[in-house]
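Trainee: My questions concern the predicted model and sequence given below.
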Amino acid sequence: SINHSSAGRRPLPFDCCALTLTPFTNPACSPDGVIFETSAIMPYLMKHGRDPVTGNAMTSQQLVSLQMDKDEETGKWQCPVLCKPFSNHTKIVAIRQNPPGNEANVYSHEAVQELNIKSKNNIDLLSGKKN
């Protein structure tokens with residue numbers, strides 16, 4: 001038996017906007033963690049007031065601006081702590097900055113696991129702010 005609902009579907013590359021399906025340059029994510037290009041999702045939300053992926057009501061105030069690091073030589077997004085490029089198989093973590101709460105620094109799960117979780121260190125790895 002074939003599951004037709006997922007037949008032919010592939011996940012988006014991690015660096016692609018879920019609305020335009022093109023690489024993002026200024027990423028933001030929904031409360032559900034779906035990443036969009038800010039310049040694409042803002043007008044969409046103003047017009048429709050809904051998350052284009054889930055269909056749930058959503059406002060621009062709910063978006064979280066993602067502060068991501070890019071390797072200057074390769075142009076690839078990377079973990080700012082480990083300097084390892086992100087791939088489609090990399091688990092990434094966004095740590096909200098409070099205040100203001102609508103921005104988040106993005107790291108590899110590996111960095112957060114080793115430097116925050118295992119060491120019981122609740123300090124943001126870039127800002128030094130307590131999480």
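Mentor: Arrived safely.

Trainee: which stretches of the protein have low pLDDT?
Mentor: Applying pLDDT under 70 to the chain picks out residues 1-9, 131.

Trainee: try 50
Mentor: Within the chain, the ranges that satisfy pLDDT under 50 run 1-4, 6.

Trainee: can you pull out the strands in it?
Mentor: Listed in chain order, the strands of the chain (DSSP state E) span 27-29, 35-37, 64-67, 69-70, 77-78, 92-96, 103-108.

Trainee: looking at these, which is closest to residue 128?
Mentor: With C-beta to C-beta as the criterion, residue 128 lies closest to strand 103-108 of the strands of the chain, at 10.9 Å. For the C-beta atoms, the positions are set from N, CA and C on the backbone; glycine is no exception.

Trainee: Now do stretch 101-117: everything it contacts.
Mentor: Residues outside stretch 101-117 that contact it (C-beta atoms under 8 Å, 6 or more residues apart in numbering) are 29, 61, 63-69, 77, 79-82, 84, 86, 90-97, 121-127, 131.

Trainee: Using ChimeraX, make a named selection holding only the buried ones among those.
Mentor: Applying 16 or more other C-beta atoms under 10 Å to the contacts of stretch 101-117, the buried members can be selected in ChimeraX as follows:
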select :29,63,64,65,66,67,68,69,77,79,80,81,86,92,93,94,95,97,124,125
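
Trainee: returning to that earlier point: and the strands of the chain as CSV, adding distance to residue 51?
Mentor: Below are the strands of the chain laid out as CSV (distance: least, C-beta to C-beta, whole Å):
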stretch, distance to residue 51
strand 27-29, 11
strand 35-37, 9
strand 64-67, 13
strand 69-70, 26
strand 77-78, 23
strand 92-96, 16
strand 103-108, 17
